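# predicted model, plus sequence, below.
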Amino acid sequence: MGIIKKVPVFLDKVPGGGIITTSLDTIFNYSQASSLWYLLFGTACCAIELMATGASRYDFDRLGMIFRASPRQSDLIIAAGTITKKMGPRLRLLYDQMAEPRYVIAMGGCTCGGGPFYYDSYAVEKGIDHIVPVDVYIPGCPPRPESLLEGCLNLQKKVKTQKIKDWS
Amino acid sequence: MAELKTEEFVVNMGPHHPSTHGVCRFVLTMDGEVIVKVEPVIGYLHRALEKICENRTYAQCIPVLDRFEYCTSMSCNQVFALATEKLAGIEVPERAEYIRVIMLELNRIASHLIWLGTTSLDLGALTPFLYAFREREDIMDLFEMTCGQRLTYNYIRVGGVAKDIPKEFIPKAKQFLSTFDSKVDDYEKVLTENPIFMTRNQNIGVMSPELAIAYGVSGPNLRASGVKFDLRRDDPYSIYDRFKFNIPTGQNGDCYDRYRVRMQEMRESAKIVRQAIEQLPEGEISAKFNPIVFKAPAGELYSRIENSRGEMGVYLQSRDKEKKPLRVKLRGSSYNHLQAMPHLLKGHKIADVVAVMASLDIIMPDVDR
Amino acid sequence: MNREELAKYLLDKFPDTLELLETGKAEPFFLMKKPDEIVEFCRAIRDDVELRMDFLCQMCGVDTGENFEVVYSVASVKKRYRFDFKFPLPYEGAEIESVQTVWPGANWFERETWELYGINVKNHGNLTRFLLPDDWDQGFPMRKDWDAPDFKRMPEV
């Protein structure tokens, strides 16, 4: 990937080089967004809806997303389910093991901000955004599979705004 | 050849592992490939549901307890509603009881389908997962048509149920049930006589009836060890004494027997739903219960029902004329099963940990609450 | 035996140990007056030929505001009986004897009661951190007077 880092810097100086960088942007972003592999990470109720979204009626595979068991092989964590204080450091460990570019979707009310366990619970992390940086929030308890698919499409839109200039 | 000197070593499995059915961590002491000791480490999903329930009124506790065992959320609602009704002496109308039984048994089928899908996924078979979730979507449609939710229903309330079933429910349920038995036969065709499935499950994780009773194991796991005990028959609650159904049991208490028992239970649940739909009377769907000003009398009791995983119970203690309970203790069946699990794994290999955990149908919110 | 006969049988068999409470709305609920003899009592009800209470349904601690209480719910698989019993404990120095020699399934119940309430269990063998994080240092959370900086109570409407 060394050439990719040097190409945009070189092309910016050449007149008309911007066209090539934007075309490269489009190609890379399109291929990345169409093939986001997610880590099988589900702690609580939202994990069942995640599995149902991956099953036959609402298929994840048509968006190019399949599950991987190891964080080293995935580029997306869909954090589905309540994260407790005991589980927080493990989530951070999994996130750290993923290779860049990596994304996080916070699925469900519990990961967005504590959800139904905001009050009166002594062991729940109220939202995961102080553990890992979150890209897309999907509210719901649990969110319907259609919501999850919409959240993934929003993430794809976000991925398509990346520029290869930002990688160097 | 010189003697090979070996040592035991410790392997950590989890808490994030594709087959731990939630977040459970096992610390395995191994001698080569053979397991010497298993120690489960839990608490990764401890959400303090009991503390939350102490600061909620009785009607507000029901949606909180939905999240206690989300695969069978109707049972969680039912056990708490039953406990509160016994405490306060509320009588539930007939139509509500029949609707409750229909919902509970459909939920039992849905939970067994999740079990079937995830078990076969853990053992390496991808097809039954897709088939099982396809059936489950039909049941989710029925629930969504009634109460608007797919997973955590908040439908069975204290005194009855929240809403009446719509008129499309009965035809759609009959259509689902007419094809369901043949679908269960399809699943059996894929798995039951499969040599790989049989080798991975027969004589693995054998649980004797004495061990099961000593550790408080209940439900299909107890029945697979040969003990014919089902709370719907032996300690009847609601109106289960009006239905005819069999109680399947196994002989050996290994993983294969637990699989056979659950497959048969799905058929029996379908039988109960058919009978309940036929006998469904007209009438009220809820007793007079005001969720905002309800104050329970003083008392305490422990009430239990037969969940799809085993015995689920609630110990409820209340002070006189108070809106909120003093103590709600939740008893989940997977708590005891996970406690008994290390005794089933002595001498097995590491791949059998996955098979045993899947066959015991353990899910972590039941354990950690 | 139905519930009244079960209650009468138990009161006849253990006249000094048990007292029937009227607040048991379903199955017989007893107050156990001799907490020091809990292990012998449990063994007696498990081995009794008429009762055969071999299934411990649950065991938990309760904080009533004035004292602790420990509740046991037992059942019989063969005979289909069920009853519960409890005994009170003071806040200071609350201690119980472990019953895992009678019902091995009580191990985790007692461990959890210790961890969340602070009721000490003698002869347990493994009273370590269980449900709470390993570095938890904020006390016993299920007590009524427990509080912490990030613990928010739901406001009254």
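The structure has been received and is ready for your questions. Numbers count the residues shown, from 1 in each chain, chains lettered A, B, ... in the order given.

# now chain A against chain B: closest residue?
Nearest residue of chain A to chain B, counting by CB to the nearest CB: residue A:55, 3.5 Å away. Every residue, glycine included, has its C-beta placed from N, CA and C.

# now do the same contact list for residue C:93.
Shown in contact with residue C:93 (CB atoms under 8 Å, 6 or more residues apart in numbering or on different chains): residue C:120.

# any idea how far it is from chain A?
25 Å (CB to the nearest CB, to the nearest Å).

# next one: residue B:170
Applying CB to the nearest CB to residue B:170 and chain A gives a distance of 23 Å.

# spit out the contact partners of that residue.
Applying CB under 8 Å, 6+ apart to residue B:170 gives the contacts B:277, B:280.

# wait, a strand at it?
No - under DSSP: H, G, I helix; E, B strand; the rest coil, residue B:170 sits outside any strand and is assigned helix.

# give me the three-state assignment for residue B:28.
Classified using three-state DSSP, residue B:28 is strand.

# which residue is the nearest non-sequential neighbour of it?
Nearest residue to residue B:28 in three dimensions, chain neighbours excluded: residue B:11, at 4.7 Å (CB to CB, 6 or more residues apart in numbering or on different chains).

# so where's chain A shaky on pLDDT?
Chain A contains residues with pLDDT under 70 at A:1-2, A:4-5, A:8, A:167-168.

# and it, which of its residues are near chain B?
Counting by CB under 8 Å from any CB of the partner chain, chain A comes close to chain B at A:40-45, A:47-49, A:51-52, A:55-57, A:69, A:81-82, A:84, A:86-87, A:90, A:94, A:116-117, A:119-124, A:141-142, A:144.

# just chain C next, same as before
C:23-27, C:29, C:54-58, C:60, C:62-64, C:71, C:73, C:77, C:80, C:82, C:84, C:103-105, C:107-108, C:129-133, C:141-142, C:153-154.

# among these, which are located in helices?
Counting by DSSP state H, the part of the residues of chain C next to chain B found in helices is C:107, C:108.

# among the residues of chain C next to chain B, which ones are buried?
Burial by neighbour count, judged by 16 or more other CB atoms under 10 Å in any protein chain shown, picks out C:24-27, C:29, C:54-58, C:60, C:62-63, C:71, C:73, C:77, C:82, C:84, C:103-105, C:107-108, C:130-133, C:141-142 from these.

# give me the contacts around stretch A:148-162.
With CB under 8 Å, 6+ apart, stretch A:148-162 has contacts from A:25-26, A:28-30, A:32-34, A:36, A:49-50, A:53, A:58, A:60, A:63, A:65, A:76, A:78, A:101, A:103, A:105, A:107, A:135-138, A:143.

# only the buried residues of that stretch, if you could.
A:148, A:149, A:151, A:152, A:155, A:156, A:159.

# want to throw those into JSON lines with distance to residue B:177?
Converted to JSON lines, the buried residues of stretch A:148-162 look like this (distance: CB to CB, whole Å):
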{"residue": "A:148", "distance to residue B:177": "30"}
{"residue": "A:149", "distance to residue B:177": "30"}
{"residue": "A:151", "distance to residue B:177": "35"}
{"residue": "A:152", "distance to residue B:177": "34"}
{"residue": "A:155", "distance to residue B:177": "40"}
{"residue": "A:156", "distance to residue B:177": "40"}
{"residue": "A:159", "distance to residue B:177": "45"}
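
# just the closest of those residues to chain C, please.
Distances from chain C to those, taken by CB to the nearest CB, are shortest for residue A:151, at 27.5 Å.

# which helix or strand contains that closest one?
Per DSSP states H and E, residue A:151 falls inside helix A:145-159.

# next one: that helix to chain centre, how far?
Relative to its chain's centre, helix A:145-159 lies at 9 Å (CA atoms, centre = their mean, to the nearest Å).

# in CSV, list the C-alpha atoms belonging to it.
In CSV, the C-alpha atoms belonging to helix A:145-159 read as follows (Å, rounded to 0.1, in the frame of the first residue of the first chain):
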residue,chain,number,x,y,z
PRO,A,145,-34.2,-6.2,10.9
GLU,A,146,-35.2,-3.5,8.4
SER,A,147,-33.8,-0.9,10.8
LEU,A,148,-30.5,-2.8,11.0
LEU,A,149,-30.4,-3.1,7.2
GLU,A,150,-31.0,0.7,6.9
GLY,A,151,-28.2,1.3,9.4
CYS,A,152,-25.9,-0.8,7.3
LEU,A,153,-26.8,1.1,4.2
ASN,A,154,-26.1,4.3,6.0
LEU,A,155,-22.7,2.9,6.9
GLN,A,156,-22.1,2.1,3.3
LYS,A,157,-23.0,5.7,2.4
LYS,A,158,-20.5,6.9,5.1
VAL,A,159,-17.8,4.6,3.7
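
# ok, back up a step: restrict the residues of chain C next to chain B to those near chain A?
Within these, those near chain A by CB under 8 Å from any CB are C:131, C:132, C:133, C:141, C:153, C:154.

# OK, contacts around the first one?
Each residue near residue C:131 by CB under 8 Å, 6+ apart is listed here: A:123, B:42, B:43, B:46, B:368, C:112, C:115, C:116.

# what about residue 136, how many neighbours?
By default, I'm working from chain A. By other CB atoms under 10 Å in any protein chain shown, 21 other residues sit near residue A:136.

# wait, chain C
By other CB under 10 Å, the residues close to residue C:136 number 17.
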